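>>> just a sequence and a predicted model for now, questions to come.
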Amino acid sequence: MISHREKTLAALHARLSELSVTALRSEVLPERIPPAGLMILRDGNPGEAGVTLSPLTYHYQHRAELEVIVQSTTDRDALFDTLVAQIGAVIAADRTLQGICDWVEAEAPEPVDLAVEGAASLKAAIIPVVLHYAMADPLA
């Protein structure tokens, strides 16, 4: 039996996998970044639940993290910006992940440039993605 939390994260990963960039889930950063870029979805933290009674329902604002990384010698900034815009468009196109959760919203990234010895530098950011959903049991 798959928990509602896992269904929600799997649905988000499936949506992100529609992009032309490699989308991993909870994987270790590979040694090489694909030319189109790389995204790694981290499960994050469901946080403290709000609770309503009758019926008993636990309301979460789950903060997952999406690591976004591009590597290029010429158009790194444009490549990064395009990828972030595509992520935003995919999330905006289906804010409920086909009814699995109540709402999905991404927060703005804080990009950093990282030098790599002997290779093109990286541009990376963590994009927090907030998943709003409710469950009848915090373990279900």
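Thanks, I have it.

>>> list the residues that contact the closest residue to Ala115 other than its chain neighbours.
In space, and not counting its chain neighbours, Ala115 is closest to Ser121: 5.1 Å by C-beta to C-beta, 6 or more residues apart in numbering. For every residue, glycine as well, the C-beta is placed using N, CA and C. Listed by C-beta atoms under 8 Å, 6 or more residues apart in numbering, the contact partners of Ser121 are Gln71, Arg76, Asp113, Leu114, Ala115.

>>> got a quick PyMOL command for the buried subset of those?
Only the buried entries of those go into this PyMOL selection, using 16 or more other C-beta atoms under 10 Å:
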select buried, resi 71+76
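
>>> show me the contacts of Ser121 that map onto strands.
Gln71, Asp113, Leu114 (DSSP state E).

>>> make CSV out of these and add pLDDT and distance to Glu18.
Converted to CSV, the ones in strands among the contacts of Ser121 look like this (pLDDT from 0 to 100; distance: C-beta to C-beta, whole Å):
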residue, pLDDT, distance to Glu18
Gln71, 94, 22
Asp113, 92, 28
Leu114, 89, 27
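
>>> state the number of residues packed around the nearest residue to Ala49 once chain neighbours are set aside.
Residue nearest to Ala49 in three dimensions, not counting chain neighbours: Tyr58, with 4.0 Å by C-beta to C-beta, 6+ apart. Using other C-beta atoms under 10 Å, Tyr58 has 19 neighbouring residues.

>>> partners of Tyr58 in the sheet?
Val51, Met135 (DSSP bridges).

>>> check whether it really touches Gly50, as I assumed.
Yes: between Tyr58 and Gly50 there is a contact under C-beta atoms under 8 Å: 7.4 Å.

>>> picking that back up, nearest to Asn45, of the contacts of Ser121?
Leu114 (24.7 Å; C-beta to C-beta).

>>> and the residue nearest to Ala115, its phi and psi?
With angles defined as degrees, to the nearest 10, Ser121 sits at phi -70, psi 160.
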